[in-house]
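Asks: Following is a predicted model, sequence given first.
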Amino acid sequence: MTSTPPNDLGGFLRSRRERLTPAAAAIEPGLTHRRTPGLRRDELAELAGVSVGYYTRLEQGVSTSASGAVIDALASALQLDPAEHEHLRTLAAPRTPVRPRARRSKLRPSVRDLLAAIPGTPAIVIDHRSDVLAWNRLGHALLAGHLDFDAPDQRVRPNIARMLFLDPHHRALYRDWQAKAGVTVAALHQAAARHPADLELEQLVGQLAVDSPEFARSWARRPVRTCSYYVRELDHPVVGRVTLANETVTLPDDDQQLGLFYALPGTPDADALHLLAQSLTSPEPVHHRENAR
């Protein structure tokens with residue numbers, strides 16, 4: 001089974017080196033045929049001001065950590081964005097022995113109370129593995145109405161990444177599925193770097209890589225991005241097409257995040273959320289909203 005490597009520093013460096021073209025790095029292409037899709041190791045080492053041997057040891061995994069100055073030089077040479085630079089720092093940090101993480105994240109009762117206190121806003125809490133720890137009624141109806149409401153309290157919790165790639169009902173929800181998938185894989189990559197001893201996370205990545213070729217291809221590209229705000233275009237089975245803002249708030253717990261979905265009052269999208277909320281209490285079936293867009 002494919003799994004998350006204990007340290008992906010070398011793989012991440014190689015992926016970004018192969019992405020960087022000689023033209024982008026202001027390197028003369030020369031007359032010889034290039035066998036690599038991007039820069040050669042010696043070219044990148046020269047740009048970063050490190051020896052070829054040292055850089056090669058980093059990329060081959062012989063050396064698994066580096067100083068802050070070296071990481072900054074490599075990030076500059078590779079033209080990394082701030083999120084990629086921070087991810088490289090995490091991968092290159094010296095490793096100390098750690099015990100395997102507890103297999104199940106715990107939700108504070110006060111967070112569950114918070115979800116119940118905002119019934120008019122779809123809300124969900126996930127952990128770093130993308131396991132669903134809880135949702136309110138409207139969040140459940142918006143994202144996974146085909147599952148039981150109490151599914152997050154069962155032994156096997158719903159998992160956003162698993163549903164996104166392997167559950168056709170959840171996958172069909174996203175009109176912008178590719179964008180959502182990219183964000184989800186990037187989040188798992190960053191989680192794997194922060195939690196190298198998390199066996200459950202490793203098993204999740206391995207399962208997805210085996211069961212979903214799309215996930216395997218995306219994981220191999222090692223996407224990294226940091227953003228807490230998105231606009232999601234959904235095709236909902238009850239209210240039809242709806243576009244919602246999605247804010248992600250980091251909770252003061254171990255890598256838990258609160259996801260909120262909302263629309264501006266008075267808009268058709270806000271009407272759709274209101275219609276969905278009505279469907280939770282109405283004994284009559286709620287028909288799809290007419291979509292004039």
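Replies: Structure received.

Asks: Would you agree Val231 falls within a strand?
Replies: Yes: under DSSP: H, G, I helix; E, B strand; the rest coil, Val231 falls within a strand.

Asks: Wait, it touches Phe261, no?
Replies: No: using C-beta atoms under 8 Å, Val231 makes no contact with Phe261, being 10.3 Å away. Glycine gets a C-beta too; all of them are placed from N, C-alpha and C.

Asks: Who has more neighbours out of the two?
Replies: Ranked by neighbour count (other C-beta atoms under 10 Å), Val231 and Phe261 place Phe261 first, with 22 against 10.

Asks: Just list the residues touching that one, thanks.
Replies: Counting by C-beta atoms under 8 Å, 6 or more residues apart in numbering, Phe261 makes contact with 121-123, 139, 142, 232, 244-246, 273.

Asks: Swap in 10 Å and give it another go.
Replies: By C-beta atoms under 10 Å, 6 or more residues apart in numbering, Phe261 lies in contact with 121-124, 138-139, 142-143, 230, 232, 234, 242, 244-247, 269, 273.

Asks: Can you select the buried ones among the residues you listed for me in PyMOL?
Replies: A single PyMOL command is used to select the members of those judged buried by 16 or more other C-beta atoms under 10 Å:
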select buried, resi 121+122+123+124+138+139+142+143+230+232+234+242+244+246+269+273
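
Asks: Mark which of the contacts of Phe261 are part of strands, please.
Replies: Taking DSSP state E as the definition of strands, these contribute 123-124, 230, 232, 234, 242, 244-247.

Asks: List just the nearest of the residues you listed to Glu86.
Replies: For the ones in strands among the contacts of Phe261, the minimum distance to Glu86 (C-beta to C-beta) is 19.3 Å, reached by Tyr230.

Asks: distance of the closest one from Pro94?
Replies: For Tyr230, the distance to Pro94 (C-beta to C-beta, to the nearest Å) stands at 34 Å.

Asks: what does Leu88 give?
Replies: Here Leu88 is placed at a distance of 14 Å from Pro94 (C-beta to C-beta).

Asks: and Ser15, that's in a helix?
Replies: Yes: under three-state DSSP, Ser15 falls within a helix.

Asks: quick one: which of Leu88 and Pro94 has more around it?
Replies: Leu88 (23 against 8).

Asks: what sits against Ala191?
Replies: Residues near Ala191 by C-beta under 10 Å, 6+ apart: 4, 127-130, 198, 201, 204-205, 255.

Asks: Quick check: of the residues you listed, which lies closest to Ile27?
Replies: So of the contacts of Ala191, ranked by how close each gets to Ile27 (C-beta to C-beta), first place is Thr4, at 32.8 Å.

Asks: for the host helix or strand of Ser76, packing partners?
Replies: Assigned by DSSP states H and E, Ser76 falls within helix 68-78. Packing partners of helix 68-78 (3 or more C-beta pairs under 10 Å, 6 or more residues apart in numbering; DSSP states H and E): helix 9-19, helix 41-48, helix 52-59, helix 82-92.

Asks: As a check, name the ranges of all helices in the protein.
Replies: 9-19, 41-48, 52-59, 68-78, 82-92, 109-117, 137-144, 160-166, 168-171, 177-194, 199-211, 213-220, 268-279 (DSSP state H).

Asks: TSV please, covering those helices and showing mean pLDDT and distance to Ala25.
Replies: Output for the helices of the chain, formatted as TSV (pLDDT from 0 to 100; distance: least, C-beta to C-beta, whole Å):
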stretch	mean pLDDT	distance to Ala25
helix 9-19	91	10
helix 41-48	93	6
helix 52-59	92	14
helix 68-78	94	8
helix 82-92	90	16
helix 109-117	96	46
helix 137-144	97	42
helix 160-166	98	34
helix 168-171	97	38
helix 177-194	93	24
helix 199-211	95	31
helix 213-220	96	23
helix 268-279	96	44
